[in-house]
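Q: Below are the sequence and a predicted model; questions follow.
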Amino acid sequence: MSENSFSENGTELLEVTSPAPIDISGLETVEGYGFSGGRDSLKQFCRNVFAKDEPRFLRNADNDLVVFRYADLRALNAIHAVANVPPSGWYPGLTLEEASTPLPADGQWPPRLAIATILSNQFFTMNPPIHAPVRKILVSQIGPKQIAQLEGLAREIIAQLIDELPNGEVVDFAAEFCDKMTARFFGTILGMTEEEKLAIVESVREMMPLFHLSATSEEQDQLDVGAAHWRHIMETATLRTLRSGKSEMLNNMAEALAKIQHEEDIDTVGMVPRNLGAFVAGNLIDAFHTIAVGACNTMYALLHHPDALAQIQQSPDLIPRAVVEGLRLESPAIFFRRYVLEDVVYDGYLIPKGTYVANFWSAGNHDPKAFPDPEQFRFDRDNVGTLTFGGGLHICPGRYAAAMLIRMMLEMFNENHIELEPVDTSSQWIGNHFMSQLRVMNVRVSKG
């Protein structure tokens, strides 16, 4: 493709050559390299695709541009125009009125609308000018300093869960420890009752089809139920605690949210949450779900690399490195989609406006050019640049909370001489998933 420049009298001055748009439909597919969803197929995909230097990019079944090499993931996601997928990109035809629907008094939602309203209130579906101020509301409350101040609460909750583990018996570590850990931790911060903390765990399980690559009509119905339960519990608890005036964090967030007034467009910009309850319901799914998955995956990585587990038991100062390396090996989120707001020229490729980009973050964590011997658990890596929490302008702000909770879990297991022995030899990883998530993680508990 070339662009010609002319003088006023029509004389041609020069020819500026620009790259032709990347032909996504002509690219090879992720399926062709073994990816069908879920952790097991991701591992096979990485072994296949990194066996040689080509291809540079791939496509998926939705004809998204798939980016999977570490260097490309880092570079592309530093570009402002590679932005978030707006609400209508997730739910075509969604209107602003529907997306901003308040919590119904009778608890009844039209089909698919509950989950659409939750996603529409996520800052991960917002672009300039509203993305930065809405994101800042959460970032300002869960930064490193604020999370450090919550370590005492984390220790208290983890100690309770350790006490509840039955000595000598087999338990599902995912359900009986990790899910409960995040529900109790974040539920306490939000002022949830004990019944609400139990109910929120069940609603997350009901929402599992949200993370499927494809879902049946029955699974979509299940998602409807879970999403309605989730938003009702989250919004009710948040607004109740806010009205009580007992949470400085929620008070600060509500004040900041009330000050944001920008033009909205759910086709490109997104929308501003109408109240703090809707904001919290939209933005804490990762806190309750993905951090629990990350904790479970980290423990899985250590149990299946016993030399590494023995090292942290002997040298607890290695635990922070173990958290980073465990999450690199078994990253919870396999990929996440982005949307190109304007034409982007990147390294000789033209990525047109309107392109959907699937960033395979977990694959980047297994790129041998960035992480030699990627399937090995190594404490000597420079893991500063891992892609577990994404990268660039949209890196997950929950990374500090995730690292702290997982670190505290490992520290307290060490201190209390808790040992876990894997029971199942067969894989329990969920397929057809854009998460690396265990369906169950059965372990035998030994208390020293």
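A: It's in.

Q: Please count neighbours and contacts with C-alpha atoms only from this point.
A: Noted.

Q: Make sure Leu420 is indeed in a strand.
A: Yes. Note on Leu420: a strand contains this position according to DSSP: H, G, I helix; E, B strand; the rest coil.

Q: Apart from its chain neighbours, what residue comes closest to it?
A: Of all residues beyond its chain neighbours, the one nearest Leu420 is Val445 (4.9 Å), with distances taken as CA to CA, 6 or more residues apart in numbering.

Q: how deep is that neighbour tucked in, by neighbour count?
A: 20 (other CA atoms under 10 Å).

Q: That one and Asp307, how far apart?
A: Per CA to CA, to the nearest Å, Val445 is found 19 Å from Asp307.

Q: Also Ala358?
A: Distance from Ala358 to Asp307, by CA to CA: 35 Å.

Q: Could you do Gly107 as well?
A: For Gly107, the distance to Asp307 equals 51 Å [CA to CA].

Q: coming back round to it: of Ala358 and Asp307, give the one with the bigger neighbour count.
A: A direct count of neighbours by other CA under 10 Å for Ala358 and Asp307 places Ala358 higher, at 23 against 12.

Q: Please settle this for me: is the more buried one part of a helix?
A: No. Counting by three-state DSSP, Ala358 falls outside a helix, being strand.

Q: does it really touch Asn63, like I thought?
A: No. Between Ala358 and Asn63 there is no contact under CA atoms under 8 Å: 9.5 Å.

Q: ok, Phe177 touching Leu161?
A: Yes. Counting by CA under 8 Å, Leu161 is a contact partner of Phe177 at 6.5 Å.

Q: If you count surrounding residues, which of the two has more?
A: Phe177 (20 against 17).

Q: what about Phe413, which helix or strand?
A: Applying DSSP states H and E as the criterion places Phe413 in helix 399-415.

Q: Same check on Leu242?
A: Applying DSSP H and E, one finds Leu242 within helix 217-244.

Q: Show me what that helix is packed against.
A: On a contact count with 3 or more CA pairs under 8 Å, 6 or more residues apart in numbering; DSSP states H and E, helix 217-244 meets helix 113-120, helix 179-190, helix 194-206, helix 248-258, helix 276-283.

Q: Quick one: those as JSON lines, columns for distance to Ala215 and mean neighbour count too.
A: Output for these, formatted as JSON lines (distance: least, CA to CA, whole Å; neighbours: other CA atoms under 10 Å):
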{"stretch": "helix 113-120", "distance to Ala215": "14", "mean neighbour count": "24"}
{"stretch": "helix 179-190", "distance to Ala215": "23", "mean neighbour count": "22"}
{"stretch": "helix 194-206", "distance to Ala215": "13", "mean neighbour count": "18"}
{"stretch": "helix 248-258", "distance to Ala215": "34", "mean neighbour count": "16"}
{"stretch": "helix 276-283", "distance to Ala215": "21", "mean neighbour count": "24"}
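
Q: Is it correct that Ile260 is in contact with Met271?
A: No. Applying CA under 8 Å, one finds Ile260 not in contact with Met271, separated by 10.5 Å.

Q: which neighbours do these two share?
A: Common neighbours of Ile260 and Met271, using CA atoms under 8 Å, 6 or more residues apart in numbering, are Ile130.

Q: Can you list the buried residues in the helix holding Phe413?
A: 399-411, 413-414 (16 or more other CA atoms under 10 Å).

Q: Can you list the buried residues in stretch 235-248?
A: Glu235, Thr236, Ala237, Thr238, Leu239, Arg240, Thr241, Leu242.

Q: and what of stretch 319-329?
A: For stretch 319-329, the neighbour count (16+ other CA under 10 Å) marks Ile319, Pro320, Arg321, Ala322, Val323, Val324, Glu325, Gly326, Leu327, Arg328, Leu329 as buried.

Q: ok, of these, which one's closest to Ala281?
A: Leu327 (25.2 Å; CA to CA).

Q: Low-confidence stretches in the stretch 1-150 of the chain?
A: Counting by pLDDT under 70, the stretch 1-150 of the chain shows low-confidence ranges at 1-17.

Q: Show me where it has its helices.
A: For the stretch 1-150 of the chain, the helices defined by DSSP state H, counting those that start in this stretch occupy 39-49, 70-76, 87-90, 96-99, 113-120, 131-139, 144-148.

Q: circling back to that earlier point, out of the helices and strands packed on helix 217-244, the one nearest Asp382 is which?
A: Taking those one by one with CA to CA, helix 179-190 is closest: 28.2 Å.

Q: Which residues does that closest one contact?
A: For helix 179-190, contacts defined as CA under 8 Å, 6+ apart pick out 153-154, 157-158, 161, 193, 196-198, 200-201, 237-238, 241, 287-289, 291-293.
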